[in-house]
Structures are given as structure tokens and as C-alpha cells.
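Visitor: Got a sequence here, can you build the structure:
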Amino acid sequence: MSTEDSLAELEQLAATAGVEVVGKVSQKVDRPNPATLVGKGKVTEIREQREQLGADLFLFDEELTPTQQRNLEELLGAKILDRTGLILDIFARHAQTREGRLQVELAQLEYRLPRLTRMWTHLSRQAAGGVGLRGPGETQLEVDRRRSGERISKLKEQLKEVHAHRELYRQKRRREGIPILALVGYTNAGKSTLLNALSNSQVRAENVLFATLDPTTRQIVLPEGQEVLLTDTVGFIQRLPTQLVAAFRATLEEVQDADLLVHVVDITHPNAEEQAQTVDKVLADLGVGDKPRVVALNKLDRLFPGGPQGNSQTNGSSAPDVERISAQVAADMQLGPNYVPVSAHKGWGLDTLLTRIQEVLSAGLTPIKVLIPYSSSELVSLFHEKGVINREEHTGTGTVIEGRIPTRFAPAFKDLRHP
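Guide: The predicted structure is shown next:
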């Protein structure tokens with residue numbers, strides 16, 4: 001992503017956080033200044049802009065060290081926030097569930113803990129000049145560190161309890177054998193809008209970054225009548241800060257548990273290819289890059305305002321034009337054959353998308369009928385967790401199961417007798 005595009009994304013993040021951007025500057029350096037990130041002359045330029053524009057907050061697109069943040073605040077005389085701090089603020093605004101709030105608070109505390117020295121030093125200097133005022137000093141700093149550490153430990157214990165409860169819910173879903181689909185994609189690609197369109201629900205969907213933080217699951221029915229669970233997840237973003245990994249835990253677990261991923265791509269975004277690559281990298285890092293996938297090339301209505309079949313508003317654009325452009329995008333991004341152009345906002349292409357999902361799910365399941373000895377109960381559990389069971393019978397020698405299992409798990413049953 002170019003510097004200009006990255007700053008444009010930072011501006012979108014700022015707007016999501018309710019910050020008005022009045023100016024922006026950039027600098028190319030071979031080696032970042034360890035004290036201020038940018039060079040001395042650039043600090044002077046930024047300070048002059050502050051005086052001209054009246055800015056009271058500076059956002060940095062790179063992650064700052066506590067020392068850099070402290071030095072910049074002293075030199076610029078204004079509050080400094082880096083990319084990580086800004087995203088944390090957005091997460092705090094959008095977290096709705098108890099788990100989401102706990103996760104964000106944990107991430108915030110772990111981010112702020114090494115910055116407490118800066119906070120207390122600032123307060124001490126303010127207090128030093130007043131009669132009858134005493135700065136918090138080192139003693140108060142240690143108290144605050146200890147309290148933060150205790151709160152972090154408590155939050156981690158609470159999240160363990162929430163995680164255990166969520167795992168019980170997942171086990172129940174696995175026993176029911178309903179396939180799970182996870183909507184993944186870059187932030188603001190239209191995942192929540194697609195979830196609403198497919199499930200006729202009213203999940204929050206806005207044209208801002210990270211509108212959805214907490215996973216939301218809805219049941220939908222595929223064309224042949226098969227019921228599946230569709231989960232909306234938080235969007236990914238370039239250079240995801242390490243402090244935010246914990247705040248993604250619920251989403252990451254949903255992605256790992258899914259039978260199929262629906263990758264939503266904003267086909268109109270100028271950086272669509274780079275955004276898709278970011279999603280691919282995150283999925284690979286999670287160890288789910290090889291999961292079956294269908295790509296929804298979303299926001300088709302922005303390319304063809306009058307509809308995919310064409311009218312006067314689209315200058316005679318027709319379905320072949322949609323197919324040609326979609327095929328070119330898919331080729332450029334190396335998406336493979338499983339892509340469907342859609343407009344979640346207008347409802348275009350959704351039937352085709354559901355049909356493609358059904359085809360990919362069916363292709364990934366192997367019909368199987370086996371007799372599993374009671375000594376291999378772990379295979380019964382595997383079938384319950386990953387497969388679809390049509391019939392199960394307990395006999396004198398073992399458990400007979402007839403159903404379908406994801407192809408990647410079929411080898412585990414190859415040496416068993418088929419009754």
C-alpha cells in the first residue's frame with residue numbers, strides 16, 4: 001500500500017473515531033528517528049501546521065514507542081495517538097457484548113501499561129509549579145502499575161470463563177452437524193450488509209471501518225434446503241497491531257471452526273487486490289488458508305448503478321460486461337473459479353452465491369458408511385464435530401455411522417470396515 005493510500009485509510013479510521021482531519025504530512029526516511037520517529041525538521045513543520053490550523057491531536061500512521069510518544073507530545077504541545085491507539089479507541093466504541101468489551105479493555109491496558117511513566121511524568125510536572133500541590137511521583141506510578149497488572153490478570157480470568165462457555169456452544173453446534181460459514185474480508189467490504197441480505201436480519205451495517213466487532217451468527221437455508229450457520233466477523237486491516245490480537249479472539253475462533261469461508265471483496269476499491277492479499281495473509285497466519293472458500297465480489301451496484309442487466313443509466317451495460325469485469329478482477333487477484341459478483345446492498349447475485357456455496361460445500365464432503373470400534377471413540381467424536389450424520393447405530397461391535405465427512409478427514413476412516 002502506498003503512503004497516500006495508507007494515510008487515506010488512517011483518515012477513514014479518524015472519521016470512524018469522530019476526529020476531523022484538517023491536514024496531513026508525510027516523510028520518507030531511511031532510518032526512523034528513535035526519539036521522534038520523524039526528523040527534527042519535520043517536527044518543526046508539524047508544529048507550525050498546528051499553530052496555523054489549531055489542531056489539538058496528531059495521529060501517526062506508524063506505531064510509536066512510549067518514548068517517541070512522550071517526546072512528540074512535549075515538542076508539539078498536543079496529544080499524540082498512533083495507529084494502534086486509534087484502532088483501540090474505535091474498538092472500544094463498537095464493542096457491544098460482554099466478551100467484546102472485556103477483550104478491548106484487555107488490549108487497551110496492555111497497550112497503555114508501558115506508557116504509564118509518560119502519563120505520571122506529565123502530571124508531576126504540572127503539579128510541581130503549584131503551591132500546595134504534590135505530584136504523584138514514583139510511588140503513585142508503582143501503585144498504578146500494580147493496579148493495571150491486577151486488572152489485566154482479572155480480565156484474562158474472566159475471558160477464560162467466557163471462552164469456556166463459547167466452546168460449549170460450539171460443541172453443541174458440532175453435534176447438530178450444521179455446516180458453519182464464516183464471512184471474512186477487509187474492513188468495510190460489506191460483510192454485515194451481506195449477512196443482512198442473506199438472512200433477512202438487521203445487523204449493524206455502516207459505511208465506516210470496523211462497524212462490526214462482535215461475531216454475529218444467523219441461520220440461512222441453501223437452495224436445496226440445507227440449513228447452514230453464517231457468521232459475520234470483524235474485518236481485517238493492513239498492519240494489524242499485535243495488541244489487538246486478543247480483541248480478535250472470538251472472531252478468529254469462529255473462522256477456525258468454519259467449514260467454508262465466504263471472502264467478501266469490495267470490487268470497487270482501488271486497493272482491492274492488496275486488501276484481498278491482506279486477508280489471505282491473516283487467514284494463512286491462522287492456519288486456515290486452505291479452507292474451502294467462495295469469493296463474493298461485492299458492491300456491483302457501484303459499477304452498474306442501473307443493474308447488472310443494463311439500462312440507459314449504465315450506457316447499455318449488460319450481463320456480459322459484469323462477467324467480463326468480474327473475470328478480469330478474479331484473474332488479477334488469482335481468486336480461482338469460485339467467485340460470484342454480487343451487490344449485497346441491492347440483493348443482486350445472491351441466489352447464484354448461495355448456489356455456489358452449496359456446490360463447494362457438497363464437493364468438500366465425502367459420503368461414508370463405517371463401523372467404528374468402541375476402542376476408537378475419538379473417531380466418533382471427529383465425525384460428530386466435522387461431519388454430517390444421516391444415521392447412527394450402536395451395535396455389539398461398535399458404532400455404525402452413515403453420513404458425509406469433509407474430504408480432508410476421510411483418510412482417518414479408510415482402514416475401518418464398511419458394513
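
Visitor: ok, which stretches of the stretch 51-200 of the chain are strands?
Guide: 57-60, 79-82, 180-185 (DSSP state E, counting those that start in this stretch).

Visitor: and Ala296, which of the three is it?
Guide: Three-state call for Ala296 (DSSP: H, G, I helix; E, B strand; the rest coil): strand.

Visitor: That one against Val264, yeah?
Guide: Yes: counting by Cβ atoms under 8 Å, Val264 is a contact partner of Ala296 at 4.9 Å. For glycine as for every other residue, the C-beta is placed from the backbone atoms N, C-alpha and C.

Visitor: hey, what's in contact with both of those two?
Guide: Shared contacts of Ala296 and Val264 (Cβ atoms under 8 Å, 6 or more residues apart in numbering): 194, 344.

Visitor: Averaged pLDDT, stretch 293-311. What do you get?
Guide: Mean pLDDT, stretch 293-311: 79.

Visitor: same thing with stretch 234-244?
Guide: 72.

Visitor: So what sits opposite Cys340 in the bridge?
Guide: Let me fix one detail, which is that residue 340 is Val and not Cys. Going by DSSP bridges, Val340 is paired in beta bridges with Ala296.

Visitor: same for the longest helix anywhere in the chain, what does it pack against?
Guide: Longest helix in the chain, counting residues (DSSP state H): helix 137-176. The contact analysis (3 or more Cβ pairs under 8 Å, 6 or more residues apart in numbering; DSSP states H and E) places helix 137-176 against helix 98-112, helix 116-128, helix 249-257, helix 377-386.

Visitor: What residues sit buried inside the first one?
Guide: It refers to helix 98-112. 99-112 (16 or more other Cβ atoms under 10 Å).

Visitor: now that helix against helix 137-176, angle please.
Guide: Calculated by axes from the mean of the first three to the mean of the last three Cα atoms, to 10 degrees, helix 98-112 forms an angle of 150 degrees with helix 137-176.

Visitor: Check which helices and strands helix 98-112 sits against.
Guide: helix 83-94, helix 137-176, helix 249-257.

Visitor: which is the next helix or strand following the last one?
Guide: Going down the chain from helix 249-257, the next helix or strand is strand 260-266, by DSSP states H and E.

Visitor: tell me, how many neighbours does Tyr186 end up with?
Guide: Per other Cβ atoms under 10 Å, the neighbour tally for Tyr186 reads 26.

Visitor: Then Thr278?
Guide: By the criterion of other Cβ under 10 Å, Thr278 has 20 neighbours.

Visitor: Same question for the one 10 residues further on.
Guide: Applying other Cβ under 10 Å, we find 18 other residues in the vicinity of Val288.

Visitor: That one in helix, strand or coil?
Guide: coil.

Visitor: next one: the one 3 residues further on
Guide: Going by three-state DSSP, the secondary structure assigned to Lys291 is coil.

Visitor: which residues touch it?
Guide: By Cβ under 8 Å, 6+ apart, Lys291 lies in contact with 258-261, 283.

Visitor: Tell me the spacing between it and Arg166.
Guide: For Lys291, the distance to Arg166 (Cβ to Cβ, to the nearest Å) stands at 20 Å.

Visitor: For the stretch 201-350 of the chain, which residues score under the pLDDT cut-off?
Guide: Residues of the stretch 201-350 of the chain that meet the criterion pLDDT under 70 lie in 203-214, 241-251, 307-320.

Visitor: Now do the helices in it.
Guide: 249-257, 272-285, 300-303, 319-333, 350-363 (DSSP state H, counting those that start in this stretch).

Visitor: Which positions in the third one come out as buried?
Guide: Going back to what we said before, that points to helix 300-303. Buried residues in helix 300-303, counted by 16+ other Cβ under 10 Å: 300-301, 303.

Visitor: what residues does it touch?
Guide: For helix 300-303, using Cβ under 8 Å, 6+ apart, the contacting residues are 267-268, 307-308, 322, 325, 341-343, 345-346, 348-349.

Visitor: Now do Gln108 against Glu157, distance only.
Guide: 17 Å.

Visitor: oh, I was asking about His394
Guide: 40 Å.

Visitor: and stretch 289-304, C-alpha only, in PDB?
Guide: Extracted C-alpha coordinates of stretch 289-304, given in PDB (Å, rounded to 0.1, in the frame of the first residue of the first chain):
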ATOM      1  CA  GLY A 289      -5.700 -20.600   4.400                       C
ATOM      2  CA  ASP A 290      -6.600 -23.900   2.800                       C
ATOM      3  CA  LYS A 291     -10.200 -24.000   3.900                       C
ATOM      4  CA  PRO A 292     -12.800 -24.200   1.100                       C
ATOM      5  CA  ARG A 293     -13.700 -20.700   0.000                       C
ATOM      6  CA  VAL A 294     -16.100 -18.700  -2.100                       C
ATOM      7  CA  VAL A 295     -15.400 -15.100  -3.000                       C
ATOM      8  CA  ALA A 296     -18.200 -12.600  -3.200                       C
ATOM      9  CA  LEU A 297     -17.100  -9.700  -5.400                       C
ATOM     10  CA  ASN A 298     -19.300  -7.100  -3.700                       C
ATOM     11  CA  LYS A 299     -20.600  -3.600  -4.400                       C
ATOM     12  CA  LEU A 300     -21.500  -4.400  -8.000                       C
ATOM     13  CA  ASP A 301     -24.200  -1.700  -7.900                       C
ATOM     14  CA  ARG A 302     -21.400   1.000  -7.800                       C
ATOM     15  CA  LEU A 303     -20.100  -0.300 -11.200                       C
ATOM     16  CA  PHE A 304     -23.500  -0.800 -12.700                       C
END
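
Visitor: Tell me how far that stretch lies from the chain's centre.
Guide: In terms of Cα atoms, centre = their mean, to the nearest Å, the centre of stretch 289-304 is set 16 Å apart from its chain centre.

Visitor: ok, and what's touching stretch 36-47?
Guide: Stretch 36-47 has contacts (Cβ under 8 Å, 6+ apart) with 25, 27, 29, 32-33, 58, 60, 62, 64, 68, 71-72, 75-77.
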